[in-house]
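Trainee: sequence plus the predicted model coming up.
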There are 2 protein chains.
Amino acid sequence: MSAPRTHVIGAGLIGASIGIGLSAEGWSVTIEDADEEAEALARSIGAGRALDGGAPDLVIVAVPPSFAADVVVSSLDRFPGAVVTDVASVKAPIAAAADASGHGERYVGSHPMAGREISGGMAAQGDLFKARPWVVCANGASASAVETVTRLAHALQCDVVRMEAGAHDAAVARVSHAPQVAASAVAAALGPLEADDVALAGQGLRDVTRIAASDPGMWADIARLNRSALVATIDHIIADLEDIRDADDVGEAVTDLIERGRVEVARIPGKHGGAKRDWTPVTVVVPDAPGQLLRLLGDAAAVGVNVEDITIEHSPRQPVGLTTLHVLPARAGELAQALAANDWEIAAP
Amino acid sequence: MSAPRTHVIGAGLIGASIGIGLSAEGWSVTIEDADEEAEALARSIGAGRALDGGAPDLVIVAVPPSFAADVVVSSLDRFPGAVVTDVASVKAPIAAAADASGHGERYVGSHPMAGREISGGMAAQGDLFKARPWVVCANGASASAVETVTRLAHALQCDVVRMEAGAHDAAVARVSHAPQVAASAVAAALGPLEADDVALAGQGLRDVTRIAASDPGMWADIARLNRSALVATIDHIIADLEDIRDADDVGEAVTDLIERGRVEVARIPGKHGGAKRDWTPVTVVVPDAPGQLLRLLGDAAAVGVNVEDITIEHSPRQPVGLTTLHVLPARAGELAQALAANDWEIAAP
């Protein structure tokens, strides 16, 4: 079966990246954007040709989330032979609009889960979604419509995850939208501190607040579209924080919350979807000089120890960093000895 | 001036590590613990000798935070010629107790800021604190007492930071204690999700909740001792979350919070205490096989590009990971080209 003739609406980063990726796979792709310049740019970088009057088999709506429902509904009307999908990160309101249009059997929701730090429409890349999950919400769609969108995701080398739209929205509120808000609230609470006080920050604060550096970008749209699930999650978080604030014994309340949180963190999948492996950290003092990290990994490889993960903690005032190599527990002792023998200073785990 | 004769009270991880570190520097160290077995273990691993009746010049109290004030006060009495310091991560209540004892001129608060994930009394290492900040709170201490404790921190190769005890406690509430609580609350809010839903987690959630995996350990003590600063910070966070929950326009409220959070995140120092550098990410698809990371860094080094930081994002279901090399913006394009020429698949930033 030949690839579906595909039309992309929206030539921003996501739409243009999809166009480039599908074109590279030999798909016939057209692309349009309400902004003529954006459309011309997308065509010039190989994201698709101009729509030529031919009827597409598949329409991909890649517009800002607040416009997605309207453009999906108008596309179902405009291209009566086409399967329509969209890439917004909230799915239930768009599915409801598609159903209400009477053409729900041709609408399939998509959520390609690219990294959060992406922005800027000129940075399109065909492999933007490679190796990332692509959520497919079938809703009231026909089996062949779902098959078409699944082909799309596979063509972009994504990992397809089937979900119900409401379950998707409830899940992303808890795994993505509320964590973003909470990270920003933790960062905002640094406000009263002097610069010297903020300098006491360790890796823990850096990790918690890393996504708080994100561009506000589409978060307003996302919050509006997923308000009830977001607010339900925030209420959950507020209730836990209030329990600590109001506890007779704040120590007991903190212990209880940390213990409940640990149970949940253990459910977050690690590498390859398995339960998080219990790697053992080996922490090394690494001078900030070119090639040191390479030498460190070379010394680890020389004793045949596979490094599963790396974290680098920068000392706030000294020209060294602490680099932690995460390895299988059975190999950690051997690795530490071998590194010490190569004049590395081993620090605490 | 010869090193102060030093007595350590408390042979857990922190006390024993200090004993080992100072002994390695040639200091005369004695160590005691209420638990005879712990004391014997500490002596056997070189953390210090038994107290022999000689009068120490410096006493280091390394007991659980809830006992620190009592042991500091009793030590000021018991060793009338000694400077006394303690290592608890909350300082004002202990300083107040020392002042009230009438011997405040001989008490200096310390907070050596080791990594959070450390636990277990048998894992003592002499370089536990190497390259970490060591906060010194002078309070009502004499200049010579402060000088003695500063020597201690320098002997352990720490980076000394002078702070007032109350300012320290307010700061660590915001940079450490409240972020721990908030991370646990974000993790606990995953409770209602099915396993498949949790599997949608991306690197953002993993970062936000990493410290939520910490052992509850001393957090109960810390929360009790620093309750007012912790609650003030939690109140700040709750108020921001309530603003979002109750906003007429949730989109506007989220945008406002993210923008305020970004301003604060930019104040968290990066490598070497400077403002966070604006590194540019180059993301590469790395197969999960031994030696791949080494090959990647080797290829980066071959074109002379220094890798400032690395993050590894594990794909939840596929046998590849996305590895991001953070480099100077001027070198990112060149690095990406060189890696692509070496058959690396470059993914999105």
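Mentor: On my side now, so go ahead.

Trainee: what residue spans form the domains of chain A?
Mentor: A:6-163, A:168-265, A:280-346 (automatic domain parsing).

Trainee: so what's the gap between the first one and the chain middle?
Mentor: For domain A:6-163, the distance from its own C-alpha centre to the chain's C-alpha centre is 17 Å (Cα atoms, centre = their mean, to the nearest Å).

Trainee: and the strands in chain A?
Mentor: A:6-9, A:29-32, A:58-61, A:83-86, A:107-112, A:133-137, A:159-162, A:280-287, A:309-314, A:320-327, A:345-346 (DSSP state E).

Trainee: just say which of these is most tucked in.
Mentor: Of the strands of chain A, the one with the most neighbours on average (mean count of other Cβ atoms under 10 Å in any protein chain shown) is strand A:83-86, at a mean of 28. In short, each C-beta sits where N, CA and C put it, glycine included.

Trainee: who's in contact with that strand?
Mentor: Residues outside strand A:83-86 that contact it (Cβ atoms under 8 Å, 6 or more residues apart in numbering or on different chains) are A:4, A:57-63, A:68, A:71-72, A:75-76, A:94, A:98, A:103, A:106-110, A:141, A:144-145, A:148-149, A:152.

Trainee: and for stretch A:17-34?
Mentor: A:3-12, A:15-16, A:39, A:42-43, A:45-52, A:54, A:56, A:60, A:62, A:87, A:112, A:124-129, A:152, A:155-156, B:348.

Trainee: what subset of the residues you listed is buried?
Mentor: A:3-12, A:15-16, A:39, A:42-43, A:45-48, A:56, A:60, A:62, A:87, A:112, A:124-129, A:152, A:155-156, B:348 (16 or more other Cβ atoms under 10 Å in any protein chain shown).

Trainee: so where's chain A uncertain?
Mentor: Chain A contains residues with pLDDT under 70 at A:1, A:115-127, A:270-278, A:313-321, A:348-349.

Trainee: among the contacts of stretch A:17-34, which are in helices?
Mentor: A:15, A:16, A:39, A:42, A:43, A:152, A:155 (DSSP state H).

Trainee: export those residues to JSON lines and append columns for distance to chain B.
Mentor: Shown next, in JSON lines, are these (distance: Cβ to the nearest Cβ, whole Å):
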{"residue": "A:15", "distance to chain B": "14"}
{"residue": "A:16", "distance to chain B": "12"}
{"residue": "A:39", "distance to chain B": "21"}
{"residue": "A:42", "distance to chain B": "16"}
{"residue": "A:43", "distance to chain B": "21"}
{"residue": "A:152", "distance to chain B": "18"}
{"residue": "A:155", "distance to chain B": "16"}
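
Trainee: hmm, which two among the residues you listed are most spread apart?
Mentor: With Cβ to Cβ as the measure, no two of the ones in helices among the contacts of stretch A:17-34 lie farther apart than A:39 and A:155, at 22.2 Å.

Trainee: how near is residue A:207 to residue A:255?
Mentor: Residue A:207 is 21 Å from residue A:255, where distance means Cβ to Cβ, to the nearest Å.

Trainee: more neighbours: which of these two?
Mentor: residue A:207 (20 against 17; other Cβ atoms under 10 Å in any protein chain shown).

Trainee: ok, that one touching residue B:210?
Mentor: Yes: if you go by Cβ atoms under 8 Å, residue A:207 and residue B:210 touch, sitting 4.9 Å apart.

Trainee: overlap in contacts, these two.
Mentor: Joint contacts of residue A:207 and residue B:210 (Cβ under 8 Å, 6+ apart) do not exist.

Trainee: would you agree residue A:174 is in contact with residue B:192?
Mentor: Yes: using Cβ under 8 Å, residue A:174 is in contact with residue B:192, at 7.4 Å.

Trainee: looking at those two, which is more packed in?
Mentor: The neighbour comparison of residue A:174 against residue B:192 (other Cβ under 10 Å) goes to residue A:174, with 28 against 12.

Trainee: who are the contact partners of that one?
Mentor: A:229, A:233, B:189, B:190, B:192, B:193, B:197.

Trainee: so the longest helix seen in chain A, near chain B or not?
Mentor: As assigned by DSSP H, the longest helix anywhere in chain A is helix A:227-246. Yes: judged by Cβ under 8 Å from any Cβ of the partner chain, helix A:227-246 comes into contact with chain B at A:227, A:230-231, A:233-238, A:240-242, A:244-245.

Trainee: dump those to a markdown table, plus neighbour count and distance to residue B:250.
Mentor: Listed next are the residues of helix A:227-246 next to chain B as a markdown table, based on neighbours: other Cβ atoms under 10 Å in any protein chain shown; distance: Cβ to Cβ, whole Å:
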| residue | neighbour count | distance to residue B:250 |
| --- | --- | --- |
| A:227 | 21 | 5 |
| A:230 | 28 | 7 |
| A:231 | 20 | 7 |
| A:233 | 27 | 12 |
| A:234 | 23 | 10 |
| A:235 | 15 | 13 |
| A:236 | 20 | 16 |
| A:237 | 26 | 15 |
| A:238 | 21 | 15 |
| A:240 | 24 | 21 |
| A:241 | 26 | 19 |
| A:242 | 15 | 20 |
| A:244 | 24 | 25 |
| A:245 | 19 | 23 |
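
Trainee: between the residues you listed, which is closest to residue A:296?
Mentor: Once Cβ to Cβ is applied, the member of the residues of helix A:227-246 next to chain B that ends up nearest residue A:296 is residue A:237, at 38.6 Å.

Trainee: that closest one and residue A:186 touch, don't they?
Mentor: No: in this structure, residue A:237 is not within contact of residue A:186 by Cβ under 8 Å, at 11.1 Å.

Trainee: hey, what's in contact with both of those two?
Mentor: residue B:182.

Trainee: burial measure for the closest residue to residue A:300 other than its chain neighbours, as a count.
Mentor: Counting by Cβ to Cβ, 6 or more residues apart in numbering or on different chains, residue A:300 lies nearest to residue A:307, which is 5.6 Å off, once chain neighbours are set aside. By other Cβ under 10 Å, the residues close to residue A:307 number 23.

Trainee: now residue A:307: phi and psi?
Mentor: phi -90, psi 120 (degrees, to the nearest 10).

Trainee: tell me which residues touch it, please.
Mentor: Counted by Cβ under 8 Å, 6+ apart, residue A:307 has contacts A:297, A:300, A:325, A:326, A:327, B:293.

Trainee: run the last query once more with 6 Å
Mentor: A:300, A:325, B:293 (Cβ atoms under 6 Å, 6 or more residues apart in numbering or on different chains).

Trainee: look up how far residue A:255 lies from it.
Mentor: 34 Å.

Trainee: now swap in residue A:203 and tell me
Mentor: Residue A:203 is 23 Å from residue A:255, by Cβ to Cβ.

Trainee: same check on residue A:305?
Mentor: 36 Å.

Trainee: do the same with residue A:198
Mentor: 27 Å.

Trainee: now residue A:297: closest residue in space that isn't a chain neighbour?
Mentor: residue B:294 (4.5 Å).

Trainee: run a quick neighbour tally on the one you found.
Mentor: 19.
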